[in-house]
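Asks: Kindly generate the corresponding structure for this input.
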Amino acid sequence: MSMPAQDFSLYAHTVATIVTRSSLAFSGLYFGRQLQKLGNTLLAYEWYILGVSACCGIVVALDQYTPVTWLWDYLDAFSRLLGVPIIATLGIMRVTHQVRLTKRQESLLFAVSLVAAELFFTLDITIPIREPVYLVTMLGFGVPVVILIRHAFKADRNWEAWMLIAALPLYLYITPLDHYYYLPHNDTAILLNDDAAAHLGWAFIFAAIFFAYRGIVTAESSARSRFSLATEAN
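Replies: Numbers count the residues shown, from 1 in each chain. Down below sits the predicted model:
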């Protein structure tokens, strides 16, 4: 017995949603682990939060009435408000401006940010300004990304820099997506919808940031090694 066209479309849409959200889950959790190995706790933990948020999105795709929906929305709000524009920016500045926080400062930053995001997410008074605030904070994150690109070129990590440059138009396109405009046939398209575009796009962008960051760290480590060998030779 064949599956009705409407049921098949719903099934295909659910599978596509799970796959695309899984891309961000992988990008956040895997590259978060790699960043942790590089000693960047700020970027690592924010990438973990992005990965966990995407995992919650997968659960919601299977059951939209699950209590996990609240956690998904909260983690998304946290990343848009403070996680990406503040915490990730400070993580990037570790290689661009040599900014290093102590473990206590990092813990305090995360604690304050989680509470602030909770208040912003739950207080009714913030409802009218949430979308424009998210748009401004996320677009502002483009500044440290551009600075990271410049440092990648200076470190002669050209392919990582070009990868991040390729991500910039995508970043500018998907940042306001789902808040101020929608893709055509958004409710019926299986892959060409705003949810799929956003998750695939962010998965690529956060991966590109990792590669650029790692490239700069590798270049700096190699430069220090060469300097040390030259010093010892003299």
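
Asks: CA only for contacts and neighbour counts going forward, please
Replies: Noted.

Asks: any idea how far A44 is from the residue nearest the centre of the chain?
Replies: Nearest residue to the geometric centre of the chain (Cα atoms, centre = their mean): F206, 4.8 Å. Note on F206: its distance to A44, by Cα to Cα, to the nearest Å, is 11 Å.

Asks: which stretches of this protein have low pLDDT?
Replies: 1-6, 8, 178-189, 227-234 (pLDDT under 70).

Asks: show me where it has helices.
Replies: 5-37, 41-62, 68-78, 89-96, 103-122, 130-140, 142-154, 158-174, 194-233 (DSSP state H).

Asks: Just the CA atoms of the shortest one, as CSV, please.
Replies: Only the C-alpha atoms of helix 89-96 are listed here, as CSV (Å, rounded to 0.1, in the frame of the first residue of the first chain):
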residue,chain,number,x,y,z
THR,A,89,34.2,37.2,20.2
LEU,A,90,36.4,37.1,23.3
GLY,A,91,37.5,33.6,22.2
ILE,A,92,38.5,34.8,18.8
MET,A,93,40.4,37.8,20.4
ARG,A,94,42.6,35.2,22.0
VAL,A,95,44.6,35.0,18.7
THR,A,96,43.7,38.4,17.3
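
Asks: for it, packing partners?
Replies: helix 41-62, helix 142-154, helix 194-233 (3 or more Cα pairs under 8 Å, 6 or more residues apart in numbering; DSSP states H and E).

Asks: got those helices as TSV, with distance to S22 columns?
Replies: Shown next, in TSV, are the helices and strands packed on helix 89-96 (distance: least, Cα to Cα, whole Å):
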stretch	distance to S22
helix 41-62	7
helix 142-154	24
helix 194-233	8
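
Asks: most tightly surrounded among these?
Replies: Ranked by mean neighbour count under mean count of other Cα atoms under 10 Å, these are led by helix 41-62, which reaches a mean of 23.

Asks: Can you spell out which helices and strands pack onto it?
Replies: With 3+ Cα pairs under 8 Å, 6+ apart as the test, helix 41-62 has helix 5-37, helix 68-78, helix 89-96 packed against it.

Asks: Make CSV from the ones you listed and add distance to P128 and mean neighbour count to it.
Replies: Below are the helices and strands packed on helix 41-62 laid out as CSV (distance: least, Cα to Cα, whole Å; neighbours: other Cα atoms under 10 Å):
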stretch, distance to P128, mean neighbour count
helix 5-37, 28, 19
helix 68-78, 14, 18
helix 89-96, 26, 20
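
Asks: Among the ones you listed, single out whichever gets nearest to L109.
Replies: Closest to L109 of those, according to Cα to Cα: helix 89-96, at 10.5 Å.

Asks: Return the residues in contact with S79.
Replies: E46, I49, L50, P85 (Cα atoms under 8 Å, 6 or more residues apart in numbering).

Asks: Just give me the closest of the residues you listed to G201.
Replies: Nearest to G201 among the contacts of S79, with distances taken as Cα to Cα, is L50, at 13.0 Å.

Asks: Not counting sequence-adjacent ones, nearest residue to the closest one?
Replies: Spatially, and ignoring its direct neighbours in sequence, L50 is nearest to G28 (5.3 Å; Cα to Cα, 6 or more residues apart in numbering).
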